[in-house]
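Undergrad: Give me the fold of what follows.
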Amino acid sequence: MNAIGGATADSQSEVASAPPSGDDKTCPDLVARSEVRTVRLHMKDGTAGLDLVTHDLGFLVEGISALPGQPGGLRVGDAILEIEGRRLGGLSQEIACKAFRDAARNGATLRVAQLVEAVE
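TA: Numbers count the residues shown, from 1 in each chain. Next up, the predicted model:
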């Protein structure tokens, strides 16, 4: 999904974990192993310039365009867990995309965590 994104980082002391099903079909070897951060979405002219793919946790940020850019915290490899308090993990792609688009605006609050490869 090509869409949206933004950022100003505030650290939180939570650790993200995948939903209990653990059957992520998109990125099965990636899990969140870092603190959850709160960032602000940066949008200009109706776009955030994000390249996103669905993940058990919500959306995985695969790319960020130079314009409008995402100064302040959102990074490639982050999982977007929530937007404006709406949890995105465990939703169908259609419902998650709709929830993200409906809440996306300049300054929207995102909860994110950096993803790393799972170690067995």
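Undergrad: what are the ranges of the helices in the protein?
TA: Remark: helices assigned in the chain by DSSP state H are 93-103.
Undergrad: Lowest-scoring secondary structure element of it by mean pLDDT?
TA: Lowest by mean pLDDT, DSSP states H and E among the helices and strands of the chain is strand 10-15, with a mean of 34.
Undergrad: quick one: strands adjacent to the top strand by length along the chain?
TA: The longest strand of the chain (DSSP state E) is strand 109-117. For strand 109-117, the paired strands and their directions (DSSP bridges) are strand 30-32 (antiparallel), strand 35-40 (antiparallel), strand 78-83 (antiparallel).
Undergrad: Mean pLDDT lowest where, among those strands?
TA: Lowest mean pLDDT of the strands paired with strand 109-117: strand 30-32, a mean of 52.
Undergrad: Buried ones in the longest strand of the chain, by neighbour count?
TA: 109, 110, 111, 112, 113, 114, 115 (16 or more other CB atoms under 10 Å). In short, each C-beta sits where N, CA and C put it, glycine included.
Undergrad: I'd like to know the average pLDDT value across it.
TA: Mean predicted confidence for strand 109-117 is 86.
Undergrad: quick one: it to helix 93-103, angle?
TA: Angle, strand 109-117 to helix 93-103, by axes from the mean of the first three to the mean of the last three CA atoms, to 10 degrees: 140 degrees.
Undergrad: For strand 109-117, output the C-alpha coordinates as CSV.
TA: C-alpha atoms of strand 109-117 as CSV (Å, rounded to 0.1, in the frame of the first residue of the first chain):
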residue,chain,number,x,y,z
THR,A,109,-0.5,10.6,16.7
LEU,A,110,1.2,7.3,15.7
ARG,A,111,2.4,4.6,18.1
VAL,A,112,5.4,2.8,16.5
ALA,A,113,8.1,0.3,17.3
GLN,A,114,11.2,-0.7,15.3
LEU,A,115,11.1,-4.2,13.9
VAL,A,116,14.1,-6.6,14.1
GLU,A,117,14.6,-10.2,12.8
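Undergrad: Begin at 8, not 1, for the rest of this chat.
TA: All set: I'll call the first residue 8, so the last point we hit is now strand 116-124.
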